[in-house]
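Enquirer: Sharing a model that was predicted from the sequence below.
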Amino acid sequence: MTRRVTVVSVLTALVAAFLAPAASAAPQYREYVSLGDSFVSGPFIPLQRLDPLSCFKSTQNYPSVLARRLNVESFTDISCGGAQTKDMLGVQSGVPGQSVPQFSALKATTDLVTVSIGGNDIGFSDIILTCAAKSVLDPNGAPCKATYGDQLAQRVAATAPEVAAVLAGIKQRSPAAKVVVVGYLRILPSSGGCWPVVPISRGDVPYLDGVQQQLNAMLGAQAQAAGATFVNPYDISAGRDTCAAPWDKWVEGIIPTSIAFPVHPNAKGMAAVGDQVAGALAGTELAGV
């Protein structure tokens, strides 16, 4: 009789344990702040936030994806379209823009910071517009390379100390924070292109792709120098660029095929970056998706 009761009791306990809801683990990070530009904010991706509307922040951008994955207690996304390194400490006026510096979101208790910055410092938008315009009369040449030559590489090099200052500023304000520098998703394929769908001349495609690789490499070097973690979405986005099929692309072209700003990540791209950063924080970063 005693043995029967014991067996029944054990079985009952096992069933109860199986059916009981699992205790939710405490989040590893409690106070998360996201800094950066439009490759962070996610312009036009639904739903757009109102804090402020002029920054064009999406509830589906990669910081929002990451915050949900990590189940953080406090999440502040102060990223803003058009931001440059100077907007970490200064007010970003106009549209896009916001009335407070991005560093104003950092606290001593902040324990996770992600930042993507530098593309606007080298003149990303103007470069795309200039190269697209020049491609019209020379679709098979390299008119953009002829125009800029080594200037863009020099701009990347000149931005390096500005990025270093940003990382130093984060460390000063949030000394206990885990800092993750996030690079930029691949915009163009390594060669060929898809003119006129994406109006970049064939010879300029590898040139501009090379500039983007230089930008991401610079960000990685500055992250390493500052003791931060570097996550490079370029590495996981082969075949997901602006020339990919609508169902494959993570970055939209000049004429978007999903709801996103031209030549910017779409919701799928943001989700992929959020997952990649989460994997890096967990030590299981994906090599490809």
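Expert: Arrived safely, thanks for sending. Numbering: from 1, shown residues only.
Enquirer: Not counting sequence-adjacent ones, nearest residue to residue 75?
Expert: residue 67 (4.1 Å; Cβ to Cβ, 6 or more residues apart in numbering). To be clear about C-beta, it is placed using only N, CA and C from the backbone, and glycine gets the same treatment.
Enquirer: these two touch, right, that neighbour and residue 76?
Expert: No - applying Cβ atoms under 8 Å, one finds residue 67 not in contact with residue 76, separated by 9.4 Å.
Enquirer: Point out where this protein drops to low pLDDT.
Expert: 1-27, 284-289 (pLDDT under 70).
Enquirer: at 50 what do you get?
Expert: By pLDDT under 50, the weakly predicted segments of the chain are 1-24, 26, 286-289.
Enquirer: all strands of it, in order?
Expert: Under the criterion DSSP state E, the chain contains strands at 31-36, 74-77, 112-116, 178-182, 229-231.
Enquirer: what residues does the third one touch?
Expert: In other words, strand 112-116. With Cβ atoms under 8 Å, 6 or more residues apart in numbering as the test, strand 112-116 has contacts from 29, 31-37, 39-40, 62-63, 66, 70, 72, 79, 106, 166-167, 170, 174, 177-184, 277, 281.
Enquirer: Same check on stretch 211-222?
Expert: With Cβ under 8 Å, 6+ apart, stretch 211-222 has contacts from 118-119, 122, 127, 152-153, 156-157, 159-160, 163-164, 167, 181, 183-184, 186-188, 230, 232, 234.
Enquirer: Out of the strands of the chain, flag the one nearest residue 139.
Expert: The closest of these to residue 139 is strand 112-116. By Cβ to Cβ, the value is 31.3 Å.
Enquirer: Give the partner strands of the closest one in its sheet and their orientations.
Expert: If you go by DSSP bridges, strand 112-116 pairs up with strand 31-36 (parallel), strand 178-182 (parallel).
Enquirer: Redo these as CSV? Include mean neighbour count and distance to residue 270.
Expert: Compiled in CSV, the strands paired with strand 112-116 are given as follows (neighbours: other Cβ atoms under 10 Å; distance: least, Cβ to Cβ, whole Å):
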stretch, mean neighbour count, distance to residue 270
strand 31-36, 26, 12
strand 178-182, 23, 11
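Enquirer: Adding distance to residue 47 as columns, could you present the ones you listed in JSON lines?
Expert: Putting these into JSON lines (distance: least, Cβ to Cβ, whole Å) gives the following:
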{"stretch": "strand 31-36", "distance to residue 47": "17"}
{"stretch": "strand 178-182", "distance to residue 47": "22"}
